[in-house]
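*Asks:* generate coordinates for the sequence data below:
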Amino acid sequence: MTSVQPDLWPRLRRPLVAILLGILPFWLFIGMSQTTTIDGEVVQDSSLNVLGVILAIAGLIMASKMLRDDGSYNHPPRWWPRTLLAVLAGLLCAFQIVQSLGFYKVIL
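*Replies:* Next comes the predicted model:
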């Protein structure tokens, strides 16, 4: 009986790392934040997470390279779980870039 487990981690490592790069900026913040309060009410809340932008761009580049290279010469053939995770990582990183730039705010 042959196990498939040893082959799974090397093939899924890069998309999982890209997903991690898209998720980490929800909790890691290195940047600037400003809140304006008038009469006890918050009227402006802006932030820029520089670390979040850097990590999300790195994850987006990793995901796009995986989608581009899978199945091409000298690369492993396209495998739907890896492709699905790479697409998910790309979408998550794109979402994280926009949030880290302060266009909208999601609080976890």
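*Asks:* can you tell me the SS state at residue 46?
*Replies:* Using DSSP: H, G, I helix; E, B strand; the rest coil, the structure places residue 46 in strand.
*Asks:* around it, count how many other residues there are.
*Replies:* Residue 46: 12 surrounding residues under other CB atoms under 10 Å. C-betas here are computed from N, CA, C, even on glycine.
*Asks:* just residue 50 next, same as before
*Replies:* As a burial measure, residue 50 scores 14 neighbours (other CB under 10 Å).
*Asks:* now do residue 99
*Replies:* 19.
*Asks:* quick one: pLDDT of the residue nearest to it when sequence neighbours are not counted?
*Replies:* Leaving aside its sequence neighbours, residue 99 sits nearest to residue 106 (CB to CB, 6 or more residues apart in numbering; 5.9 Å). Note on residue 106: pLDDT of 77.
*Asks:* make 821 the first number, not 1, from now on.
*Replies:* Understood, numbering begins at 821; the last thing we discussed is residue 926.
*Asks:* now for residue 926, how many residues are close by?
*Replies:* 8.
*Asks:* can you check residue 847 too?
*Replies:* Every residue meeting other CB under 10 Å relative to residue 847 is counted, giving 8.
*Asks:* name the SS class of the residue nearest to residue 919, please.
*Replies:* Relying on three-state DSSP, one would call residue 926 coil.
*Asks:* okay, which residue is most central for the chain?
*Replies:* A centroid search over the chain (CA atoms, centre = their mean) returns residue 842, at 2.0 Å, as the residue closest to the centre.
*Asks:* could you measure from it over to residue 923?
*Replies:* Separation of residue 842 from residue 923 (CB to CB, to the nearest Å): 16 Å.
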